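1. Pasted the sequence and its predicted model underneath.
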Amino acid sequence: MGSEDMHEEKILPLLSPTLIILELYGGYYTSKFLDEIQIRSPGLKFFLVDNSLEDSITADAVMNFLDHMPSIVHLELLLGWPFLRNKTFLRHMMLNPRLEVLVLGNKNEISHTMCREALIECGDNPIFPALRYLGVYIEDKALRPLLPFLSNVQGLRLDVSDCGPIQTQKPYIMGLLSACPHLEDLEFGTRHSSTISSAAFLELASGCPLLRRLEIGDTCDCEPDFNDALIEKLSSRWKNLAVLSLPFQATLTRRSLAHLARNCPGLIELRVMDDVLEMEEKEPVDMVPVPNLKILEMGQLNLNLNSESEAATASKNTIAVLDKWFPALQSFFHNYPTISRKYHMFNRLVAEHLMQTRPIQPLPPAYPATSVAHELHRKLLAPNSAGRFSSAF
């Protein structure tokens, strides 16, 4: 709930002893608001605020609030909060014995110096002992020493700065995430343009076999040898993969689809920048259906439409391929070579066919953006009675 002009007076009446989740979008809040939460909702477990409190609030006040609210296991502070960008607050989070989810916004980028000093001050105490999801903006050199303490996380949302050219970072930071063997959900992006080595992808696949969702940020590129053979190796290790989003132009063909179909039968969403359909295939490929794929986004189709009749024929051929390979497909998107009536007709015919022949299921709210992300996010809100994370409810 909330809005840009929301004030705490409107929220206070909603606080109650039974309140478990408080998620606020925008607004203005003070230290009094934190005090009232302690009094009125002492059992609060999930505290999510996407706007900074007023300037009168200090990092000490927030840490004091968390100390007096041991029930909180899920903390997201997204926009603002620049006063929390210090080693004391980071150390406080590291040593929190109950914190399972921590997400900090871009005003709280974790620097190398800040992380190093916080780790030193933690001494021999357990660091992030209960953490299973971390979303942060962080410097490359700060993330590296932190990774040994993230071996039990199930989800990561990382925006990494100062990655530098691939030649200067050995090994590339994403490959080092293989130190997280329980990882199921990974969003990896970089603040500036960066090339991810193929070796880093292989290392990640080797160390994180449970991965279900991999989304690479738009600022990332790949090496020239990112091809069908690499997809075959990656997919053979990621048997549970449900979402794969690669924003860069590689050298993928229909063979990559065949590898994903055989190795990842649970694949639901695929986003690549290559023409993996290859309507005019250069050589036969032994394809099998991808039974659960619902979303397919890809690069420019190799189409040359000179008339509406050609558009109708191309749409018919494309529909036949989509029906054969992707029986559950609901959304198909590709880059347009040009904006024209013929291409608009082609896309309209394909979209109409999918709408008429598939049972449309509404997608979840915008955050998380995809159905699998939504499922994994909900998993963080549920208890894991068989494991070490059992305090959520």
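-> Good, I have the coordinates. Just so we're clear, the structure is a prediction, and the values are computed from it rather than from any experiment.

2. which residues in the stretch 251-393 of the chain form strands?
-> Using DSSP state E, counting those that start in this stretch, the strands assigned to the stretch 251-393 of the chain run over residues 269-271, 295-298, 331-334.

3. ok, residue 160 to residue 231 distance?
-> From residue 160 across to residue 231, the span is 24 Å (C-beta to C-beta, to the nearest Å). Every residue, glycine included, has its C-beta placed from N, CA and C.

4. ugh, typo on my part, it should be residue 159
-> Applying C-beta to C-beta to residue 159 and residue 231 gives a distance of 25 Å.

5. Repeat that for residue 209.
-> Distance, residue 209 to residue 231, by C-beta to C-beta: 16 Å.

6. Over to residue 86?
-> 43 Å.

7. and if you look at residue 146?
-> Distance, residue 146 to residue 231, using C-beta to C-beta: 30 Å.

8. With residue 77 instead?
-> 37 Å.

9. So for the two, which residue has more residues nearby?
-> For residue 77 and residue 231, the more surrounded residue by other C-beta atoms under 10 Å is residue 231, and the numbers stand at 25 against 22.

10. Now name the helix or strand holding the more buried one.
-> helix 228-237 (DSSP states H and E).

11. what packs against that helix?
-> The contact analysis (3 or more C-beta pairs under 8 Å, 6 or more residues apart in numbering; DSSP states H and E) places helix 228-237 against helix 198-207, helix 254-263.

12. So what's the residue count around residue 225?
-> Taking other C-beta under 10 Å as the neighbour definition, residue 225 ends up with a count of 12.

13. just use 35 as the starting number from now, easier for me
-> Shifting the count to begin at 35 puts that one at residue 259.

14. you'd agree it is in a helix?
-> No. Counting by DSSP: H, G, I helix; E, B strand; the rest coil, one finds residue 259 to be coil, located in no helix.

15. and the helices and strands packed on helix 262-271 as JSON lines, adding mean pLDDT?
-> Shown next, in JSON lines, are those (pLDDT from 0 to 100):
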{"stretch": "helix 232-241", "mean pLDDT": "95"}
{"stretch": "helix 288-297", "mean pLDDT": "93"}
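
16. Among these, which comes closest to residue 163?
-> Nearest to residue 163 among the helices and strands packed on helix 262-271 is helix 232-241; the distance by C-beta to C-beta comes to 21.3 Å.

17. List the contacts of that closest one.
-> Helix 232-241 has contacts (C-beta atoms under 8 Å, 6 or more residues apart in numbering) with 205-215, 220, 245, 256-257, 259-260, 264, 267-268, 271-272.

18. List of residues touching stretch 363-378?
-> For stretch 363-378, contacts defined as C-beta under 8 Å, 6+ apart pick out 307, 309, 327-335, 337, 339-342, 344-345, 356, 381, 384-385, 388, 392, 394-395.

19. Sort out which of these are in helices and list them.
-> 342, 344, 345, 356, 381, 384, 385, 388 (DSSP state H).

20. Export those to CSV and append columns for neighbour count, pLDDT and distance to residue 64.
-> Converted to CSV, the ones in helices among the contacts of stretch 363-378 look like this (neighbours: other C-beta atoms under 10 Å; pLDDT from 0 to 100; distance: C-beta to C-beta, whole Å):
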residue, neighbour count, pLDDT, distance to residue 64
342, 12, 91, 63
344, 15, 91, 65
345, 22, 91, 60
356, 19, 93, 55
381, 17, 91, 51
384, 19, 94, 53
385, 14, 92, 49
388, 17, 93, 50
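
21. Could you report the neighbour count for the closest residue in space to residue 335 that isn't next to it in sequence?
-> In space, and not counting its chain neighbours, residue 335 is closest to residue 368: 5.0 Å by C-beta to C-beta, 6 or more residues apart in numbering. Look at residue 368: counted by other C-beta under 10 Å, it has 20 neighbours.
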